[in-house]
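In: structural data only, the sequence is not supplied:
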């Protein structure tokens, strides 16, 4: 009996951790995970693909009805939650005021690098046209903001392609079944000398220069799976976002490209 109990326990716990703070993310310190009843929606495991450049992998795998009951925007936003607005979410996030502060860069711009490896499994439901998850967001806002606001930068899987702010980063025929290296090089500035450069597998895929990159009080980073309903789309009655899975590894931030965790692999 003891022998079978040990086997069952091992099968039940086949992950390293479900605590996102188990991992080092460089300049991104303490992070927070979406609160869900489904504890298997986020797990840290040894690479299940066998081909990841980094051994430990973050697996985001929300079920059909995984959503948070936390109120949006705290007590200022009324009673809107993910669950009562038809959203699906499991994300890892900096605290809203734990990222970049406008007050710090007011007199001197700073440059940051962000990077991660991304893997989209073959069974990702890209044939469902309503599944267009944001998987990486840079969110900026003012301290007295009440209500929704769009992310400064948003990486999204759209019709099987990986897009960032309208730029094609990974085409449909290459996205699934491969690990992809994604890097952002951002100069945060309150003047028109900022820039955002985005790389895929060390190739520059998008570049926006000479503009204000931080015109709000705070900016923080988050990643995972977030599906929300587009106000301009007619959804089938009782539609729910289906189960889906994506993998990240080595997500980190630094002030130098070479200090990113993804650039320290052999």
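Out: In hand now; what should we look at? Everything quoted here is computed from the prediction, not taken from an experiment.
In: ranges for the helices of the stretch 151-266 of the chain?
Out: Residue ranges of the helices in the stretch 151-266 of the chain, as given by DSSP state H, counting those that start in this stretch, are 172-175.
In: cross-check the contact I'm expecting between residue 41 and residue 60.
Out: Yes. Using CB atoms under 8 Å, residue 41 makes contact with residue 60 at a distance of 7.0 Å. (Each C-beta comes from the backbone N, C-alpha and C, glycine too.)
In: if I look at the two, which residues touch both of them?
Out: Common contacts of residue 41 and residue 60, defined by CB atoms under 8 Å, 6 or more residues apart in numbering, comprise residue 90.
In: so for stretch 201-213, what's the average pLDDT?
Out: Mean pLDDT, computed over stretch 201-213, is 96.
In: for it, which outside residues touch it?
Out: Stretch 201-213 is contacted from outside by 152, 164-165, 167-169, 180-181, 183, 186-199, using CB under 8 Å, 6+ apart.
In: write the PyMOL selection for whichever of those are buried.
Out: Selection of buried members from those for PyMOL, criterion 16 or more other CB atoms under 10 Å:
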select buried, resi 152+164+165+169+180+181+183+186+187+188+189+190+194+195+196+197+198+199
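In: strands - which of the contacts of stretch 201-213 land there?
Out: Using DSSP state E, the subset of the contacts of stretch 201-213 located in strands is 164, 167-169, 180-181, 183, 186-188, 194-199.
In: nearest to residue 85 among the residues you listed?
Out: Distance to residue 85 across those (CB to CB) is lowest for residue 164, with 24.7 Å.
In: number of residues surrounding the residue lying closest to that closest one once chain neighbours are set aside?
Out: Closest residue to residue 164 apart from its sequence neighbours, by CB to CB, 6 or more residues apart in numbering: residue 155 at 4.6 Å. Taking other CB atoms under 10 Å as the criterion, the count of residues near residue 155 is 24.
In: in stretch 255-266, which residues are buried?
Out: 260, 261, 262, 263.
In: taking those, tell me the two that lie furthest apart.
Out: 261 and 263 (7.4 Å).
In: check contacts around residue 218.
Out: Contacts of residue 218 (CB under 8 Å, 6+ apart): 96, 97, 99, 100, 101, 102, 140, 141, 142, 143.
In: from those residues, list the buried ones, please.
Out: 96, 99, 100, 102, 140, 141.
In: what about the chain, any weak spots by pLDDT?
Out: Within the chain, the ranges that satisfy pLDDT under 70 run 1-13, 73-78, 146-149, 266.
In: tally of neighbours for the nearest residue to residue 37 once chain neighbours are set aside?
Out: Nearest non-adjacent residue to residue 37, counting by CB to CB, 6+ apart: residue 66, 7.9 Å away. By the measure other CB under 10 Å, the count of residues near residue 66 is 25.
In: helix, strand, or coil at residue 66?
Out: Secondary structure, DSSP: H, G, I helix; E, B strand; the rest coil: residue 66 is coil.
In: and of the buried residues of stretch 255-266, the nearest to residue 131?
Out: Closest to residue 131, out of all of the buried residues of stretch 255-266 and judged by CB to CB, is residue 262, at 26.3 Å.
In: okay but the closest one is in contact with residue 117, surely?
Out: Yes. The criterion here is CB under 8 Å, and residue 262 meets it with residue 117 at 5.8 Å.
In: between these two, what contacts are shared?
Out: What both residue 262 and residue 117 touch, as defined by CB under 8 Å, 6+ apart, is the set 53, 54, 181, 249, 250.
In: nothing else from me, thank you.
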